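Participant: Sequence and predicted structure below; questions after.
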Amino acid sequence: MADERYREGMKVRRTILGDAHVDAAEARTTEFDEDFQRFITETAWGGLWRRPGLPPATRSLLTIALLAALGHTEEVAMHVRATANTGATMEEVKEALLHVAVYAGVPAANRAFAAAKEAYAEIATGEGGIESS
């Protein structure tokens, strides 16, 4: 069962984040963090992201908003770049970050907007594929 969840999780992870990003993450994996990498692949990608209750674009927006609320701007940028694969639009990301401003605070939203703007600028210039994080 765990191997199946890992394999399915890796498929979803590659679909959302792209092969180059996942390959780079796998290349950086060491004995120290290999259990963690397996855990997130099985749990986040093989469990949560595979559930049928929400479409990928909605999961993407929720993820961006939660990461923004928690101040994890590097992860916000990565998931903004992943919207190219999930179907969440720039307008929807903007609306999600406006929610962050009201419900989690303006400073958190301000940092997230900056990270998102940088990610979109990189995408526009061809420098910011998902693999760049």
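Facilitator: Cool, got the structure. Residues are numbered from 1 along each chain as shown.
Participant: Quickly find the element holding the residue sitting nearest the centre point of the chain.
Facilitator: The centre of the chain sits closest to residue 79, judged by CA atoms, centre = their mean, with a distance of 2.9 Å. In this structure, residue 79 sits in helix 73-86 according to DSSP states H and E.
Participant: And the contacts of whichever helix or strand comes after that helix?
Facilitator: Helices and strands here follow DSSP H and E; after helix 73-86, the next one along the chain is helix 90-103. For helix 90-103, contacts defined as CB atoms under 8 Å, 6 or more residues apart in numbering pick out 57, 61-62, 64-65, 68-69, 80, 83, 108-110, 112-113, 116, 120. C-betas here are computed from N, CA, C, even on glycine.
Participant: now do stretch 60-72
Facilitator: 16, 54, 73, 75-76, 79-80, 82-83, 86-88, 92-93, 96-97, 99-100, 103-105, 108-109, 111-112, 116.
Participant: Quick one, grab the pLDDT at residue 2.
Facilitator: Residue 2 carries a pLDDT value of 77.
Participant: Oops, could you answer that again for residue 128 instead?
Facilitator: Turning to residue 128, the model gives it a pLDDT of 66.
Participant: that older thread, so which of the contacts of helix 90-103 sit within helices?
Facilitator: 57, 61-62, 64-65, 68-69, 80, 83, 108-110, 112-113, 116, 120 (DSSP state H).
Participant: just curious, which of those is nearest to residue 6?
Facilitator: Relative to residue 6, the closest of those is residue 62; by CB to CB it sits at 23.2 Å.
Participant: quick one on the thing from earlier: C-alpha coordinates for the helix holding residue 79, CSV please?
Facilitator: Extracted C-alpha coordinates of helix 73-86, given in CSV (Å, rounded to 0.1, in the frame of the first residue of the first chain):
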residue,chain,number,x,y,z
THR,A,73,7.1,32.9,0.8
GLU,A,74,9.5,30.5,-1.0
GLU,A,75,6.8,27.9,-1.1
VAL,A,76,4.3,30.5,-2.2
ALA,A,77,6.5,31.3,-5.2
MET,A,78,6.9,27.6,-6.0
HIS,A,79,3.1,27.0,-5.9
VAL,A,80,2.4,30.2,-7.9
ARG,A,81,4.7,28.8,-10.6
ALA,A,82,2.8,25.5,-10.4
THR,A,83,-0.4,27.2,-11.3
ALA,A,84,0.6,26.8,-14.9
ASN,A,85,0.0,23.1,-14.2
THR,A,86,-3.0,23.3,-11.9
